[in-house]
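Q: Next input, structure requested:
(one chain, ligands or ions: 1)
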Amino acid sequence: MANQTAKYLVTGASGQLGALAVEALLARVPAGNVVALVRRPEAAAPLEAKGIEVRIGDYTDRAALERAFNGIDRLLLISSSEIGQRAPQHINAIEAAKAAGVGFIAYTSILHADTSPLMLAEEHRVTEDAIRASGIPYALLRNGWYTENKTGSVAAAIEHGAYIGAAGEGRISSATRRDYAEAAVAVLTADETAGNAVHELAGDESYSMAEFAAEIARAAGKPVAYRDMSQAEHAAALEAAGLPGPFAAILADSDAGTAKGALEDDSRTLSALIGRPTTPWRETVAEAVRAAV
Ligand SMILES: NC(=O)c1ccc[n+]([C@@H]2O[C@H](COP(=O)([O-])OP(=O)(O)OC[C@H]3O[C@@H](n4cnc5c(N)ncnc54)[C@H](OP(=O)(O)O)[C@@H]3O)[C@@H](O)[C@H]2O)c1
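A: Alright, predicted model coming up:
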């Protein structure tokens, strides 16, 4: 049974994970107990239409965050999408939460943040350290890969007959954003905080990229094979396809980390938290193929 009396705030509520978290929260607690934080005033209307209060604050504006967190008991801090600027932004949010007297922070980190070789993990490690140092009770939601990260390239893979990457035979235990959003809300609304917690969250099943490409081929009825390449070749191919260089480098680094097992986890902590199996990756592939053909 969710804590019905606490006041909850979800940051990044205009984003994909944030919107799903708000939806999951509204299934558990009254709308009057839910507050959404967005940075763009124009993003408020669809959230207000759900009957919830919307507050405005950018992660770069500590004073605005402190005002936004006033009266909030439990905060879901969704990590910023501004890679490279996230550590100071998240520190602003944590300091603001401390000053506003927030009683609990759940933060969306990255799988195995303490040991992850991924470049992306560094900002999460800094944030986790800041949360620990703040003295605010916390839960670290160490989210694995979204299956949607991989299905985003389904149309291109069908078109070219190839899914490119540098993940080698590394296995990926991904889950959908909805799975992670439900887990975040389960943790956020838990009646009792059994002390500070670290949750390694990932899909029940794992796959290699060769298996993933074969599944696209099966669902589409067209040949699609996984084409593995070096990290440098992968970065260059992504840049040639139009991605900004620094982002291409991060994606290629994530694939190289995948080859080392960085995105694999068989703990099944996620399905235990949400009380159902995680969404099968084949189902997400099938949906993406239907949308692509
Ligand atoms: N586990 C994974 O596979 C994976 C994949 C991608 C991302 N992530 C991480 O998980 C987070 C949530 O994922 P998502 O798919 O929901 O991403 P998303 O759709 O891009 O949403 C990001 C959210 O962060 C907000 N935001 C960005 N910069 C901000 C700032 N300076 N101040 C306040 N809010 C700011 C965005 O606001 P606007 O709507 O105004 O832009 C948006 O609401 C991402 O931000 C990223 O840190 C994880």
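Q: Quick check: the residue in the stretch 101-250 of the chain positioned nearest to the ligand vs Arg125, distance?
A: Residue nearest to the ligand within the stretch 101-250 of the chain (Cβ to the nearest ligand atom): Tyr146, separated by 3.8 Å. C-beta here means a position set from N, CA and C on the backbone, and glycine is covered the same way. Separation of Tyr146 from Arg125 (Cβ to Cβ, to the nearest Å): 20 Å.
Q: tally of neighbours for Glu82?
A: Using other Cβ atoms under 10 Å, Glu82 has 11 other residues around it.
Q: Next, the contact list for the closest residue to it other than its chain neighbours, please.
A: Of all residues not flanking Glu82 in the chain, Gln89 sits nearest, at 6.7 Å (Cβ to Cβ, 6 or more residues apart in numbering). Taking Cβ atoms under 8 Å, 6 or more residues apart in numbering, we find Gln89 in contact with 59-60, 80, 82.
Q: Equivalent analysis for Thr269, please.
A: Applying Cβ under 8 Å, 6+ apart, we find Thr269 in contact with 199-202.
Q: Model confidence for it, exactly?
A: Per-residue confidence at Thr269 stands at 98 (pLDDT).
Q: Okay, it and the ligand: tell me how far apart.
A: For Thr269, the distance to the ligand equals 15 Å [Cβ to the nearest ligand atom, to the nearest Å].
Q: So what does that residue have for phi and psi?
A: Per-residue torsions, Thr269: phi -60, psi -40 (degrees, to the nearest 10).
Q: and if you look at Leu76?
A: Dihedral angles (degrees, to the nearest 10) for Leu76: phi -100, psi 110.
Q: wait, isn't it in contact with Ala6?
A: No: counting by Cβ atoms under 8 Å, Leu76 stays clear of Ala6, with 11.8 Å between them.
Q: what packs against the one helix or strand Val22 maps to?
A: Using DSSP states H and E, Val22 falls within helix 16-26. Secondary-structure packing of helix 16-26 (3 or more Cβ pairs under 8 Å, 6 or more residues apart in numbering; DSSP states H and E): strand 8-10, strand 34-38, helix 177-188.
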